[in-house]
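1. would you be able to build a 3D model of this:
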Amino acid sequence: MIPKVISWKKDVVVDLVNLLESGDTIAVIDIHGVPADSMIGMRSSLRDNLTIRVAKKRLMRLAWESAGRNADELEQLFDSAIQPALVSSSKLNSFEMFTALKATQAGRAAKPGERAPHDIVVEKMDTGMPPGPIVGDLNSVGIPAKIMKGSVQIQKRIVILLEGEEFKGDLGLMLSKLGINPIIAGLRLCGTLEGGTVFAPSTLDINFEQFESDLISYASGAFNLACNITWFTNQTIPTILAKASREALAVALEAAVTNADTMPHLVGRAHRGAMAVAGSLDSDALDDELAAMLGAAANAAASASAAVAESASSAPAEADEEEDEEEEEAGFGGLGDLFG
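-> Down below sits the predicted model:
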């Protein structure tokens, strides 16, 4: 006798198939430990960008098969999921989905029986808590606490639990009082499927600011290398041409090649050389024009030196005036003290 399939299960599978066919990015998330009221709020905040469907793994597998997808990919996404849910989005890629789901996560106090997701470390610190029974409570769970200078202080750094070890008694509560909430509550991404590629959470968890900085650095290095080896592209040609123009001008000046670009530089160089030679000659050997030019140059140099000297001498004078004013103010302060 062929067993009958409950109608609502068929409806769930059909709904899941539609979900799988509606988005470009498919994911499995773990909703274990998320309270029902929090789950409602999270789904409402994410509704515009993605769709979440909660179902049993068996129904998800049936829907996955019905949608013509590879079963091995689903098993990869199920990895580490305690209470899985399917997610689909046509607006977010895998990285954007990871960021959106991570925003729903927040730490909470560990409950007895839960296991540490990582090594739990309590640092040496001043808790800022006033003296009281909390000292005994902390010591009872293995956290070395003592009253010093009017507050509760942790005496030394201690690894209170290793990854995978179980929280017992009031340890989770005491850690929470110290600001240590190791259990992450929220929608945890187990993996995504996009364009036939399965992305693990470790791949999607990147620092976008550092990533952008690295890209800029890599692009700058590639641009410099391309310019140095004269690699012609739309981006490098303007820089390469500008560099070639500067080098050609330098060669032309050394070879005294005369053209519209080099003449101003060559004439200026010749003028400076002539003035240097004229300055080394006796004044009787100079004609009126050269003497006037040398005199103008000398006056300009003298004016510049005088301006520098004046600015240097005025600074101490101003400082002296400020000191005198401060002394006068100090004197008036003393009289004020005498008379009242």
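
2. if I look at residue 185, how far off is residue 223?
-> To residue 223, residue 185 is 46 Å away according to CB to CB, to the nearest Å. The way it works is simple: take the backbone N, C-alpha and C, and place the C-beta from them, glycine included.

3. repeat for residue 60
-> 48 Å.

4. do a quick rundown of the helices in the stretch 101-250 of the chain.
-> 134-140, 171-177, 201-204, 208-228, 237-254 (DSSP state H, counting those that start in this stretch).

5. for the shortest one, name the packing helices and strands.
-> Right, the one you point to is helix 201-204. helix 94-102, strand 188-194 (3 or more CB pairs under 8 Å, 6 or more residues apart in numbering; DSSP states H and E).

6. can you check the longest one too?
-> In terms of contacts (3+ CB pairs under 8 Å, 6+ apart), helix 208-228 is packed against helix 237-254.

7. per-domain residue ranges of the protein.
-> Domain segmentation of the chain under automatic domain parsing yields 7-105+186-206, 120-178.

8. can you give me the pLDDT of residue 134?
-> At residue 134, the pLDDT value in this model is 91.

9. and it, how far is that from residue 155?
-> Applying CB to CB to residue 134 and residue 155 gives a distance of 14 Å.

10. higher neighbour count, the two?
-> Using other CB atoms under 10 Å as the criterion, residue 134 and residue 155 rank with residue 134 on top: 17 against 13.

11. contacting residues for the nearest residue to residue 105 once chain neighbours are set aside?
-> Leaving aside its sequence neighbours, residue 105 sits nearest to residue 186 (CB to CB, 6 or more residues apart in numbering; 3.2 Å). Each residue near residue 186 by CB atoms under 8 Å, 6 or more residues apart in numbering is listed here: 34, 42, 101, 102, 104, 105, 106.

12. try it again with 10 Å
-> 29-31, 33-34, 38-39, 42, 101-108 (CB atoms under 10 Å, 6 or more residues apart in numbering).

13. equivalent analysis for residue 225, please.
-> Neighbours of residue 225 in contact, by CB under 10 Å, 6+ apart: 231, 236.

14. which stretches of the stretch 151-300 of the chain have low pLDDT?
-> Along the stretch 151-300 of the chain, segments meeting pLDDT under 70 span 283-286, 296-300.

15. cool, thanks, talk later.
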